[in-house]
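> turn this into a model:
(one chain, ligands or ions: 1)
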Amino acid sequence: MPVPPRASITAVHGYLPPDLLTNAELAHLVDTSDAWITERTGIKERHILKGEGLGTSHMAAEAVRGLLKKTGTDPSEVDLLICATTTPDLQFPSTANLICDMVGIRNIGSFDVQAACSGFLYSLTIASQFIATGAARKVVVVGADTMSTIIDYTDRATCVLFGDGAGAVLLEPDPNGYGIMDALIRSDGSGMIHLHQKAGGSRMPASAETVAKRLHYVHQEGAAVYKFAIAKMAEVAREIMTRNNLRGDMIDWLVPHQANKRIIESTAERMGMPMDKVMVTIHKYGNTTNATIPLCLWDYESRLKAGDKMVLAAFGGGFTWAGVYVQWAYDGAKAPKLNGKNGNRKGV
Ligand code: ACO
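Okay, here's the model as predicted:
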């Protein structure tokens, strides 16, 4: 029996919209302070997408264009594109569809994955299966969200947390035995009550009343979500470690979803990992939902080496949670750099 090919991440690129929203600016909108936000979340600023008619596809297409350019990939070579998003441009068609059209990828399968903040890891898991079966050789997975469009900027408990952005990776069969070694995806729909968007779907279609009652914004019971996130991020990371005989000192990087600095620190502690091996971007990007993990990989790319062992872990609304064990496939320092417009990456 031939061994199925393993999928590797062979390139990463990101995009952050140029407009910034700082803690000081938020303190003019709601009753909060830079000190409270920094201490309770670790966030200092976040990027916000502005511009008439621009949606999630705009940022995602920028990330995908950069990815294709950086790798010298012609759009015709891409076999499948998956977009993880909670803030699609439209109810239908899928944002993945729109991205393909914007970047010139034609005549392939493309679809969105909705798993809130775990969507990027769900999508990586799906993409790796397409490669393992031989159904696809080049798959683009993009995580992108315009959270600012569903955030109530009069609600101090949620508006400080989120930002906008996009990150994309290219997956290909790996010739060296590296790549996605293991993946776990989990969900519990009973968690819906703690984190959801009440109106705009088939249960409660948009109406003048739903708009007046501000039901199209993120509803989050922060303390309940926090408790579940702390437990599940660590649980899934530890399960991945156990299944793959990994101890904390054997892992080069923890790549956690960026929801709150305290959740990240607690996950690292429970895995037995020091913070200098943990990717952290929350201070400058906030929670970009599906973009946090690919943006971390993009920010830290130059420090990554072929063979690095990393655990990716996420938790999101639904509830959903996921863990992926990756052996990184290439030396990031040797990865091609894009000249000129580079999506506003600020470096680690
Ligand atoms: N500024 C000042 N005070 C605030 C703010 C703010 N921005 N937000 C809340 N407070 C107040 C509250 O009103 C409360 O005041 P009270 O005691 O007078 O009622 C007090 O601070 C404490 O509130 P808590 O909710 O207990 O604060 P906590 O320390 O838990 O931090 C936070 C709140 C940051 C939201 C935290 O609960 C959290 O990070 N939750 C998890 C969020 C998350 O992980 N989401 C995950 C997925 S997102 C997705 O899937 C889309």
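
> switch to C-alpha atoms for all contacts and neighbour counts from now on
Noted.

> verify the stated contact: residue 80 with residue 135.
No - Residue 80 is beyond contact range of residue 135, at 9.4 Å (criterion: Cα atoms under 8 Å).

> who's more crowded, those two?
Legend: neighbour count by other Cα atoms under 10 Å for residue 80 and residue 135, higher for residue 80 (23 against 11).

> mind checking which helix or strand residue 91 is in?
Residue 91 belongs to no helix or strand when assigned by DSSP states H and E.

> right, and the helix or strand after the lengthiest helix in the chain?
Determined from DSSP state H, the single longest helix within the chain is helix 222-243. Using DSSP H and E, the helix or strand that follows helix 222-243 in sequence is strand 253-256.

> circling back to that earlier point, which residues does the longest helix of the chain contact?
By Cα atoms under 8 Å, 6 or more residues apart in numbering, the list of residues contacting helix 222-243 from outside reads 157-158, 182-184, 194-195, 247, 263, 266-268, 270-271, 311-316, 321-325.

> only whichever of these are buried, select them in PyMOL.
The following PyMOL line selects those of the contacts of helix 222-243 that are buried, judged by 16 or more other Cα atoms under 10 Å:
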select buried, resi 157+158+182+183+184+194+195+263+266+267+268+270+271+311+312+313+314+315+316+321+322+323+324+325
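
> who touches residue 177 in this structure?
Per Cα under 8 Å, 6+ apart, neighbours of residue 177: residue 6.

> which residues of the stretch 201-348 of the chain fall in strands?
For the stretch 201-348 of the chain, the strands defined by DSSP state E, counting those that start in this stretch cover 218-220, 253-256, 309-316, 320-327.

> okay, the angle between the longest helix of the chain and strand 320-327?
If you take axes from the mean of the first three to the mean of the last three Cα atoms, to 10 degrees, helix 222-243 sits at 40 degrees to strand 320-327.

> let me know whether helix 222-243 sits next to the ligand.
Yes - with Cα under 6 Å from any ligand atom as the measure, helix 222-243 is seen reaching the ligand through 222, 223, 225, 226, 229.

> can you read off the backbone torsions of residue 183?
Dihedral angles of residue 183 (phi, psi; degrees, to the nearest 10) stand at phi -150, psi 140.

> ditto for residue 187
phi -150, psi 160.

> that one bridge partners, please.
On the basis of DSSP bridges, residue 187 is bridged to residue 320.

> also residue 11?
Where residue 11 sits in a bridge, its partners, by DSSP bridges, are residue 170.

> can you check the one 10 residues further on too?
Bridge pairing for residue 21 (DSSP bridges) gives the partners residue 46.

> burial count for it?
Residue 21 is flanked by 16 other residues according to other Cα under 10 Å.

> coming back round to it: are any of the residues of helix 222-243 next to the ligand buried, and if so which?
Buried, going by 16+ other Cα under 10 Å: 225, 229, out of these.

> let's have the residues of helix 222-243 next to the ligand in CSV, adding pLDDT.
Output for these, formatted as CSV (pLDDT from 0 to 100):
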residue, pLDDT
222, 93
223, 94
225, 96
226, 95
229, 95
